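Novice: Structure for the following, please:
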Amino acid sequence: MSSSGLEPGFREYLLGIADVSERDLDKLALELRHHWSENVEEYVRRRHRELQRQRIPTRVIYGLIQKELADRRFSSRPRSERQIRRLIYG
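Specialist: Coordinates of the predicted model:
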């Protein structure tokens, strides 16, 4: 495994088809690994902070997060706005 966590053969394949440097590919792979390793609670809290920084009203944030959860790669049962608030605030 490389420092990026990619299997060497796959890393070489990607370098062969993408116009990126080895350094950039490793950075991208690490970022993708981090992004997709979040669990539901981490995702909800992170998205809440991001949306707050965009000055989106809290009542709108809960609905946006509800919809986004359905599109994420982790399996998540549908969450109510109340459940989302509890994930954020405990």
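Novice: For this structure, which segments count as helices?
Specialist: 8-17, 22-36, 40-53, 58-71, 81-89 (DSSP state H).
Novice: Can I get the ones you listed in CSV including mean pLDDT and mean neighbour count?
Specialist: Quick note: C-beta positions are derived from backbone N, CA and C, even for glycine. Converted to CSV, these look like this (pLDDT from 0 to 100; neighbours: other CB atoms under 10 Å):
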stretch, mean pLDDT, mean neighbour count
helix 8-17, 93, 12
helix 22-36, 90, 13
helix 40-53, 94, 15
helix 58-71, 90, 14
helix 81-89, 90, 15
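Novice: Can you give the domain ranges for the protein?
Specialist: Using automatic domain parsing, the domain ranges for the chain come out as 1-37, 40-89.
Novice: For the first one, what is the distance to the chain centroid?
Specialist: By that I understand domain 1-37. Domain 1-37 sits 17 Å away from the centroid of its parent chain (CA atoms, centre = their mean, to the nearest Å).
Novice: can you check stretch 21-38 too?
Specialist: Taking CA atoms, centre = their mean, one finds the center of stretch 21-38 at 12 Å from the center of the full chain.
Novice: now stretch 63-72
Specialist: Mean-position distance between stretch 63-72 and its chain equals 12 Å (CA atoms, centre = their mean).
Novice: could I have it exported to PDB, CA atoms only?
Specialist: The C-alpha coordinates for stretch 63-72 follow below in PDB (Å, rounded to 0.1, in the frame of the first residue of the first chain):
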ATOM      1  CA  GLY A  63     -34.700  19.400   5.800                       C
ATOM      2  CA  LEU A  64     -31.600  19.600   3.600                       C
ATOM      3  CA  ILE A  65     -29.700  17.100   5.700                       C
ATOM      4  CA  GLN A  66     -32.700  14.800   5.700                       C
ATOM      5  CA  LYS A  67     -32.700  14.700   1.900                       C
ATOM      6  CA  GLU A  68     -28.900  14.400   1.700                       C
ATOM      7  CA  LEU A  69     -28.800  11.300   4.000                       C
ATOM      8  CA  ALA A  70     -30.800   9.400   1.400                       C
ATOM      9  CA  ASP A  71     -28.100  10.000  -1.200                       C
ATOM     10  CA  ARG A  72     -25.100   9.100   0.900                       C
END
